[in-house]
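**Q** Below are the sequence and a predicted model; questions follow.
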Amino acid sequence: MTQVESVPPSHIGVATPDRVTAWFMRRSAALPVWAGPAAALVCIAGALGYTQLTNPTDAAAGDPPSCLLKLTTGFDCPGCGGTRAAWYLMHGDLSAAARHHLLFVFAVPFLLYAYVAWAGKKVFNKQLPQLRVGPKTVAWFLGIWAVFTILRNLPWAPFTWLYV
C-alpha cells in the first residue's frame, strides 16, 4: 500500500485584498512602530478631554453627551453612568465613580495595564506580563454586566441605589 500525500489544490490560496484594503495595508506598513500606540493615546486623551469639557455630572437628560436609550426609554443602558464615572475618576472621587458605574471602575485598571503592556511591547520592545483573558472570563464578565444592567433598572429597593 502506498502512502498518498495530501497536497492542497493549487487554485486555493490567500485572497487578494481589494484596492482599498491594499492601500491601507501599504500605508500601515510604512508607519513607524509608535504610530498605533500614539493614535490610541490621542483617542483616549480626546475622550477624556471631551468628558472634562462637557462635565456630564451637570448635564440634563437631553444635553450632550446623552444616552439615546435612556433618553427614549428611561432605562439605564449597560454603559449608562460610564462617562460620569470617568469624570469622577479624573477628579479622584472613587466612591462617586463607583456609584455611577461600578463595573467601569473595576475595568479601568485592567484596561490601563493592557494599554501600557501593548504600547511598551510595540514601541520599546519591553515585555510586561500579559493579561490572559480567556473566553470563560469574558463570558463571566459579560454575564455579570448583563445582571448588573437588569438590576440597576429594577424600581424597588435596594436596586434603586444602582439607578443613575
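**A** It's in.
**Q** neighbouring contacts of stretch 35-45?
**A** Applying Cβ atoms under 8 Å, 6 or more residues apart in numbering, the contact partners of stretch 35-45 are Y115, W118, A119, K122, V123. Placement of C-beta: from N, CA and C, glycine included.
**Q** if you set the cut-off to 6 Å instead, what comes out?
**A** A119, K122, V123 (Cβ atoms under 6 Å, 6 or more residues apart in numbering).
**Q** what about the residue most central in space within the chain, distance to P17?
**A** Nearest residue to the geometric centre of the chain (Cα atoms, centre = their mean): L111, 7.8 Å. Using Cβ to Cβ, to the nearest Å, L111 is found at 31 Å from P17.
**Q** And the pLDDT at the residue nearest to the centre of the chain?
**A** Looking at L111, its pLDDT is 92.
**Q** tell me the SS of it?
**A** Of the three states, L111 takes helix according to DSSP: H, G, I helix; E, B strand; the rest coil.
**Q** Quick one: name whatever helix or strand follows the longest helix that the chain contains.
**A** The single longest helix within the chain, with elements called by DSSP state H, is helix 35-54. Later in the chain than helix 35-54, the nearest helix or strand by DSSP states H and E is helix 68-73.
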